[in-house]
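Chemist: Let's see this in three dimensions:
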Amino acid sequence: MGQQHDHSHSHGSANKNALFWAFILITAFMFVELVGGFLTNSLALLSDAGHMLSDSAALGLSLLALILGTREATADKSYGYRRFEIIAAALNGIALLVIAAVITIEAIRRFFSPPEVQSTGMLVIAVIGLLINILAAWILMRGDKDENLNIRSAFLHVIGDMLGSVGAIVAALLMMAFGWWLADPVASIIVAVLVAVSGLRVTREAAHVLMEGVPDRIDPASVRESLLTVDGVRDVHDLHIWSITPENPILTCHLTIGRETDPDQVLSSANRLLHDEYAIEHSTIQLETDGGGCPGPHGNCN
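Modeler: Numbers count the residues shown, from 1 in each chain. Next up is the predicted model:
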């Protein structure tokens, strides 16, 4: 049996800096928007403030996850704390769904009795909020949002909040121009839908990782066929591909080889293929000679 344990280098420092400054921006303006929502009686602003509260908690939790993820592995936690960032992402997604439900309930109530809103103050605060969110999104884009689920979930939080600010701006303009007070709960419903969509996406992705699902960019059938092209390999079975985090795929499998085949050469070729073609840097491969079978009962491998 041969093992290869390589570790990919992360963009940890850039991710931490991005999360820290985005956290500072969002948290500071969240208090401004909360006070502004109460002063102007705008549900759209209060909804956006609630979303920003979720953003702030998500960013803080994501930052904590990245910090914990750098801790060294221990005997009882052999993969360290990297999986904590997936748990944090799942909590972020669930928080978004809860926020969406609260916004929807209050918006429905206001449809039946729309209160008057101080639209001018609402417009000013919403415009400032939009600018703050654009800056936070730009900061997060400098992190590794394509591979790191925590950065991506935080980025989606901010994008949803940015669109919420746009909705609040449109609602404020409609109320200023036409006195259409229903624009406020309508904008709130739009925010709730955007928040729910982001929440479902992040929760689904986190659940896939926690259920040891195959990373989206890897096709197990293709991996199996590729391994069969390695000189000396006659069969591939018990192939499992999962990830600790989306950027850290892991593979285990059994390869059946001929009795005269050089096992070291097979291991070297297989690991090189997995690294070069599928970016799998952590693999554990068990070699079996043709006809030898697996060591389990009745020759079965589990």
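
Chemist: C-alpha from now on. contacts and neighbour counts both.
Modeler: Will do.

Chemist: Is residue 231 located within a strand, as I assumed?
Modeler: No: according to DSSP: H, G, I helix; E, B strand; the rest coil, the state of residue 231 is coil, so it is not within a strand.

Chemist: so what's it scoring on pLDDT?
Modeler: Model confidence at residue 231, given as pLDDT, is 93.

Chemist: and residue 46, how far is that from residue 67?
Modeler: The span separating residue 46 from residue 67 equals 31 Å under the rule CA to CA, to the nearest Å.

Chemist: Who are the contact partners of residue 158?
Modeler: 52, 55, 133, 136, 137 (CA atoms under 8 Å, 6 or more residues apart in numbering).

Chemist: Show me those residues that map onto helices.
Modeler: 52, 55, 133, 136, 137 (DSSP state H).

Chemist: what's the distance between whichever strand or helix holds residue 21 and the middle of its chain?
Modeler: Residue 21 belongs to helix 12-40 when elements are defined using DSSP states H and E. Centre-to-centre, helix 12-40 and its host chain are 19 Å apart (CA atoms, centre = their mean, to the nearest Å).

Chemist: Could you check that helix and say which residues are buried?
Modeler: Of the residues in helix 12-40, those with enough neighbours to count as buried (16 or more other CA atoms under 10 Å) are 12, 15-23, 26-27, 29-30, 33-34, 36-37, 40.

Chemist: Please apply the same query to stretch 211-225.
Modeler: 214, 215, 218, 223.

Chemist: Who are the contact partners of the third one?
Modeler: So the one you mean is residue 218. For residue 218, the contacting residues are residue 278, by CA under 8 Å, 6+ apart.

Chemist: The ones in helices among the contacts of residue 158: which two are farthest apart?
Modeler: Farthest apart among these by CA to CA are 52 and 137. That separation is 12.9 Å.

Chemist: Who are the packing partners of the helix or strand hosting residue 221?
Modeler: Assigned by DSSP H and E, residue 221 belongs to helix 220-228. Applying 3 or more CA pairs under 8 Å, 6 or more residues apart in numbering; DSSP states H and E, we find helix 220-228 packed against strand 233-243, helix 263-278.

Chemist: May I see the contacts of residue 158 organised as CSV, with neighbour count, distance to residue 188 and pLDDT added?
Modeler: Supplementary listing: those in CSV, determined by neighbours: other CA atoms under 10 Å; distance: CA to CA, whole Å; pLDDT from 0 to 100:
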residue, neighbour count, distance to residue 188, pLDDT
52, 28, 14, 81
55, 28, 17, 77
133, 26, 17, 89
136, 24, 22, 89
137, 20, 21, 88
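
Chemist: right, and out of these, which lies closest to residue 208?
Modeler: When the contacts of residue 158 are compared for distance to residue 208 (CA to CA), residue 55 wins out at 22.3 Å.
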